[in-house]
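# Let me see the structure of the following:
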Amino acid sequence: MEKIAISVPEAAEMLGMCPKSVYQLTRRADFPAFKTGNRTIISVEGLRAWVLKQATGEGAAV
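Numbers count the residues shown, from 1 in each chain. You can find the predicted model right below:
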């Protein structure tokens, strides 16, 4: 079964970034992250859509 949400370290690995940079991205309103308790979770589908927007120039610059 494929995960629908992942942790920040998992997202960082998918993106080829360090977790610290991904934590900074989670502060952006357009980044698909949410808090549950004291954990930050990222939607896999939302992350893919966000990356596509960034790659096509439709999203705000990082």
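
# Contacts only, for T40.
With contact set as Cβ atoms under 8 Å, 6 or more residues apart in numbering, T40 has these partners: S7, V8, Y23, T26, A33, F34. To be clear about C-beta, it is placed using only N, CA and C from the backbone, and glycine gets the same treatment.

# List of residues touching the biggest helix by length in the chain?
Longest helix of the chain, by residue count under DSSP state H: helix 44-55. For helix 44-55, the external contacting residues (Cβ under 8 Å, 6+ apart) are 2-6, 11, 14-15, 30-32, 59, 62.

# can we see that at 10 Å?
Residues outside helix 44-55 that contact it (Cβ atoms under 10 Å, 6 or more residues apart in numbering): 2-6, 10-11, 14-15, 22, 25, 28, 30-34, 42-43, 58-62.

# Could you pick out which of the residues you listed are located in helices?
The helices, defined by DSSP H, take in E10, A11, M14, L15, V22, L25 from those.

# Go through the residues you listed and give me the one with the most neighbours.
A11 (25 neighbours; other Cβ atoms under 10 Å).

# If we ignore the residues flanking it in sequence, what's nearest that residue?
I42 (4.6 Å; Cβ to Cβ, 6 or more residues apart in numbering).

# Now do the one you found, the pLDDT please.
At I42, the pLDDT value in this model is 98.

# And for it, the neighbour number?
23.

# which ones are touching C18?
P9, A12, Q24.

# Need the nearest residue in space to L25, chain neighbours excluded.
Using Cβ to Cβ, 6+ apart, the nearest residue to L25 is F31, at 4.8 Å.

# Hmm, that neighbour is touching Q24, no?
Yes: here F31 reaches Q24: they are 9.4 Å apart, a contact under Cβ atoms under 10 Å.

# out of the two, which sits in the busier spot?
The neighbour count for F31 versus Q24, taken as other Cβ under 10 Å, is higher for F31 (19 against 13).

# distance of the more buried one from M1?
Distance of F31 to M1, given as Cβ to Cβ, to the nearest Å: 25 Å.
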